[in-house]
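Participant: give me coordinates for this.
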Amino acid sequence: MTQPQPVQHLDPTTPVGPQVLRLLRSAIVTNQFEPGTRLSESEISLRYGISRQPVREAFIKLAEEGLIEVRPQRGTFVRKINIGAVLDARFVREAVEADIVAACATLRPTGLIADLRQQLEAQRSLAATNPRDFVALDDLFHRTLAQGAGVPNAWAVIDGMKSQLDRVRQLTMTRLPMDHLITQHTAVVDAIAAGDPAAAKTAMRGHLQMILSDLPAIQSACPQFFDPQANA
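Facilitator: Numbering: from 1, shown residues only. Predicted structure coming up:
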């Protein structure tokens, strides 16, 4: 496959390594770089006007995340989505975020409900016009919950291990209706507002289990994105 042209630029006032890693990861997660895309250290370094060292370091980290693979004497390529990694990330998210929303319902920190309801309005607006960008609002929603529960680092842990899941979410956002997802978000917020930890946990578990029913349809619609051999 032809390597797509990145549309973002590096900020010369901050370290380039993390920026390159973030841009490459984003391009893979959002499926701008589809499975099979060949990535070249030299081409990327020339394109950004940097040395090959930060690109090489980014490749190492992306390989550790299972997003790319190095094929000896052939090159570096974007890997297909690993279903096992997707299901593992979903399992961890459910276990952690169920407790997060229960804590939010118990603590009900000042301003949290108003903030979340404002986010719901933004989600409804974006779902109708630009579903591909919905993932960013979805992440903001879940990050806000972790902050409200007083455990912002919990979201940082989740965010660091869900790249394969995010690739599926991107495919889901452009192929399946968002109304049901927003309805589930609303149920979570309503339970927190009511001070009902049990209902909040139930709503969040149902929300994060939705991908289990969506995944077969996404695999069927986009088989080229998935590795049929990678089940763990």
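
Participant: C-alpha only now, for contacts and for neighbours.
Facilitator: Will do.

Participant: tell me the buried residues in whichever helix or strand Val55 is part of?
Facilitator: Assigning secondary structure by DSSP states H and E places Val55 in helix 52-64. Of all the residues in helix 52-64, those buried under the rule 16 or more other Cα atoms under 10 Å are 52, 54-56, 58-60, 62-63.

Participant: my guess is Gln184 contacts His207, does it?
Facilitator: Yes: counting by Cα atoms under 8 Å, Gln184 does reach His207; the two are 5.7 Å apart.

Participant: if we can go back for a sec, neighbouring contacts of the helix holding Val55?
Facilitator: Contacts to helix 52-64, defined as Cα atoms under 8 Å, 6 or more residues apart in numbering, come from residues 16-18, 20-21, 24-25, 41-42, 44-45, 68-70.

Participant: figure out how far it is from the centre of its chain.
Facilitator: Averaging C-alpha positions (Cα atoms, centre = their mean, to the nearest Å) puts helix 52-64 20 Å from its chain's average.

Participant: Val20 versus Glu57, what's the distance?
Facilitator: Taking Cα to Cα, to the nearest Å as the measure, Glu57 falls 9 Å from Val20.

Participant: how about Arg90?
Facilitator: From Arg90 to Val20 the distance is 27 Å (Cα to Cα).

Participant: which one of those two is surrounded by more residues?
Facilitator: For Arg90 and Val20, the more surrounded residue by other Cα atoms under 10 Å is Val20, and the numbers stand at 23 against 20.

Participant: check contacts around that one.
Facilitator: 10, 54-55, 58.

Participant: what about 7 Å?
Facilitator: Contacts for Val20 were tallied using Cα atoms under 7 Å, 6 or more residues apart in numbering; they are 55, 58.

Participant: tell me the gap between the helix or strand it falls within and the middle of its chain.
Facilitator: Assigned by DSSP H and E, Val20 belongs to helix 16-29. Relative to its chain's centre, helix 16-29 lies at 13 Å (Cα atoms, centre = their mean).

Participant: ditto for stretch 138-149
Facilitator: With Cα atoms, centre = their mean, you get 13 Å for stretch 138-149.
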